[in-house]
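A.B. asks: This is the structure alone, sequence omitted:
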């Protein structure tokens, strides 16, 4: 039975849903904003708080095994877009490479994020998706993925976004685990330097009137930091971002949003009012710690233990795990990971400045060039496979566009607007003659009167003839014709 202090019809319904599906507890906590105590009670009750392979808000996670061959994807028309390859599918959305065409041979590649069909009926989730679109479109920065379009096609809500060719940090780290390679320390510092630059732009964003928007990402994690093959670093997925002007994305006390192992202590405690830009700084520190050590910082066997580790603030010194880490970088990492928010960097810009000083004398441009060379070599096999898939998808999309153009031309050739006058229109020959129109209906009253008059006329004529033959009519009344007399009677 549910504990009395947590019992409510809504909570009971959600727990029944949990028992009937394979979704992880964290999926429900993010989708329905279940209070933290209820989530922990359920995990203890089941004795298993393992995370599902697919996490909401994390479209980079796929339903395919990392080493399994990619499934062939058939190009699919979607409104004005053509989906040419599927990048990933998550618990709430799927992500595609897409292509769009315009006049004069215009072509553009982009990424399209589409929420799963069964979630279109969930008003809360649709609103969260709308909020993400409205928020992200305001963030125009080189280190943040740009949003170009938002809409709904065939009952599918979608976001059309800037597409880059590369990998997220999660995929990169997973691949490193199976090799004897390590991510260069300066490359790791460069990645978080760029991520901090994008975060500061979001944190410092104001509206048209100059009022701060109060944006906090709340999900800074390896799967939401992308690194391209040409050395660019971009933040993605502001789906659960907090903005002071958004009524929907506000979180009540005791509720969690984000991936458990990449939460700040105040997030793990469910202190929604304490979540500010310094929370994102802490999460960026987790990513940097894990990149330079090659280990997970807070992840444990269960979500509850993971949250307890974060709340304790127990962070092993990085130099004890990797002796090649310079002391200055270690100091930066541990300052970002301070348990108390007031002991951390007070904003992402301060973190960016210290990382920039550490990276000197190398410039950001030089580091971007080095990052591009390392990424291209490390992902050489994946790049070739990706090029083949995209080329196949582009060819299929181009063929579909040519078919559409042919149909449009045929329709234009048959357009009646090209006929100058009505007289020039061809006559239409009917297959069968039109039926004769029915005779007009006569009034029943007039038919009766005509019948009576005809009967009277017949009686009058007939009576007159009979009277004459019987001699009732006097002589001379009826004129006669003189005839010759042949003799007389004796």
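C.D. replies: Thanks, I have the structure now. If you're wondering where the values come from, they're calculated on a predicted model, not measured in any experiment. Numbering: from 1, shown residues only.
A.B. asks: Which stretches in the stretch 151-300 of the chain count as strands?
C.D. replies: For the stretch 151-300 of the chain, applying DSSP state E, counting those that start in this stretch gives strands covering 156-161, 166-168, 225-228, 233-235.
A.B. asks: Can you tell me which of those is nearest to residue 100?
C.D. replies: When the strands of the stretch 151-300 of the chain are compared by CB to CB, strand 156-161 sits nearest residue 100, at 8.1 Å. Just so you know, the C-beta spots here come from the backbone N, C-alpha and C atoms, and that holds for glycine as well.
A.B. asks: which intervals of the stretch 251-400 of the chain have sub-threshold pLDDT?
C.D. replies: Applying pLDDT under 70 to the stretch 251-400 of the chain picks out residues 251-258.
A.B. asks: about what we covered before: of all the strands of the stretch 151-300 of the chain, which one is nearest residue 213?
C.D. replies: strand 233-235 (15.6 Å).
A.B. asks: Give me the helices and strands touching that closest one, please.
C.D. replies: Judged by 3 or more CB pairs under 8 Å, 6 or more residues apart in numbering; DSSP states H and E, strand 233-235 is in contact with helix 185-203, strand 225-228.
A.B. asks: would TSV of the ones you listed with mean pLDDT, mean neighbour count and distance to residue 85 be doable?
C.D. replies: Below are the helices and strands packed on strand 233-235 laid out as TSV (pLDDT from 0 to 100; neighbours: other CB atoms under 10 Å; distance: least, CB to CB, whole Å):
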stretch	mean pLDDT	mean neighbour count	distance to residue 85
helix 185-203	96	24	25
strand 225-228	96	24	16
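A.B. asks: nearest to residue 323, of these?
C.D. replies: With CB to CB as the criterion, residue 323 lies closest to helix 185-203 of the helices and strands packed on strand 233-235, at 11.4 Å.
A.B. asks: coming back round to it: of the helices and strands packed on strand 233-235, which is nearest residue 331?
C.D. replies: With CB to CB, the closest approach to residue 331 among those belongs to helix 185-203: 12.3 Å.
A.B. asks: sorry, back to before: looking at the helices and strands packed on strand 233-235, which is nearest to residue 350?
C.D. replies: Closest approach to residue 350 among these is made by helix 185-203 (8.9 Å; CB to CB).
A.B. asks: Tell me where the longest helix sits in this protein.
C.D. replies: Looking across the chain with DSSP state H, the single longest helix is helix 380-413.
A.B. asks: tell me which residues of that helix are tucked away?
C.D. replies: Going by neighbour count (16 or more other CB atoms under 10 Å), the buried part of helix 380-413 is 383, 386, 389-390, 392-394, 396-397, 401.
A.B. asks: Burial check on residue 177, number of neighbours?
C.D. replies: Using other CB atoms under 10 Å, residue 177 has 10 other residues around it.
A.B. asks: Surely residue 83 is in contact with residue 95?
C.D. replies: No - counting by CB atoms under 8 Å, residue 83 does not reach residue 95; the two are 10.1 Å apart.
A.B. asks: more crowded one of those two?
C.D. replies: Shown here are residue 83 and residue 95; by other CB under 10 Å, residue 95 has more neighbours (23 against 20).
A.B. asks: Who are the contact partners of the more buried one?
C.D. replies: Contacts for residue 95 (CB atoms under 8 Å, 6 or more residues apart in numbering) come out as 59-60, 86-89, 111-114.
A.B. asks: Need the residues touching each of residue 83 and residue 95.
C.D. replies: Common neighbours of residue 83 and residue 95, counting by CB under 8 Å, 6+ apart, are residue 112.
A.B. asks: picking that back up, just send the helices and strands packed on strand 233-235 back as CSV, with distance to residue 213 too.
C.D. replies: Below are those laid out as CSV (distance: least, CB to CB, whole Å):
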stretch, distance to residue 213
helix 185-203, 8
strand 225-228, 21
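A.B. asks: looking at those, which is closest to residue 154?
C.D. replies: With CB to CB as the measure, strand 225-228 is the member of these nearest residue 154 (28.1 Å).
A.B. asks: follow-up on the earlier one: out of the strands of the stretch 151-300 of the chain, which gets the lowest mean score?
C.D. replies: Lowest mean pLDDT within these: strand 156-161, a mean of 91.
A.B. asks: what packs against it?
C.D. replies: When contacts are defined as 3+ CB pairs under 8 Å, 6+ apart, strand 156-161 packs onto strand 107-115, helix 123-136, strand 147-153.
A.B. asks: Burial-wise, tell me which of those comes out on top.
C.D. replies: Among those, ranked by average contacts under mean count of other CB atoms under 10 Å, first place goes to strand 107-115 (a mean of 20).
A.B. asks: The residue nearest to residue 315 when sequence neighbours are not counted - how many residues pack around it?
C.D. replies: Nearest residue to residue 315, sequence neighbours excluded (CB to CB, 6 or more residues apart in numbering): residue 337, at 4.9 Å. Neighbour count for residue 337, taken as other CB under 10 Å: 23.
A.B. asks: from memory residue 141 sits against residue 201, does it?
C.D. replies: Yes - using CB under 8 Å, residue 141 is in contact with residue 201, at 4.3 Å.
A.B. asks: For residue 131, state which of the contacts of residue 95 is nearest.
C.D. replies: Closest to residue 131, out of all of those and judged by CB to CB, is residue 113, at 13.9 Å.
A.B. asks: Hmm, that closest one is touching residue 158, no?
C.D. replies: Yes - between residue 113 and residue 158 there is a contact at 6.5 Å, judged by CB under 8 Å.
A.B. asks: Give the buried residues for stretch 302-320.
C.D. replies: 302-304, 306-307, 309-311, 315, 318-319.
A.B. asks: Ends of it, what's the gap?
C.D. replies: Its first and final residues considered, stretch 302-320 spans 25 Å by CA to CA, to the nearest Å.
A.B. asks: now swap in stretch 225-238 and tell me
C.D. replies: End-to-end span of stretch 225-238 (CA to CA): 11 Å.
A.B. asks: and what of stretch 357-364?
C.D. replies: Length of stretch 357-364, first residue to last, CA to CA: 11 Å.
A.B. asks: who's in contact with that stretch?
C.D. replies: For stretch 357-364, using CB under 8 Å, 6+ apart, the contacting residues are 186, 189-190, 193-194, 326, 328-329, 332, 356, 367, 370.
A.B. asks: Now it: buried residues?
C.D. replies: Quick answer for stretch 357-364 (16+ other CB under 10 Å): 358-359.
A.B. asks: One more: stretch 272-290?
C.D. replies: For stretch 272-290, by 16+ other CB under 10 Å, it's 272, 275-290.
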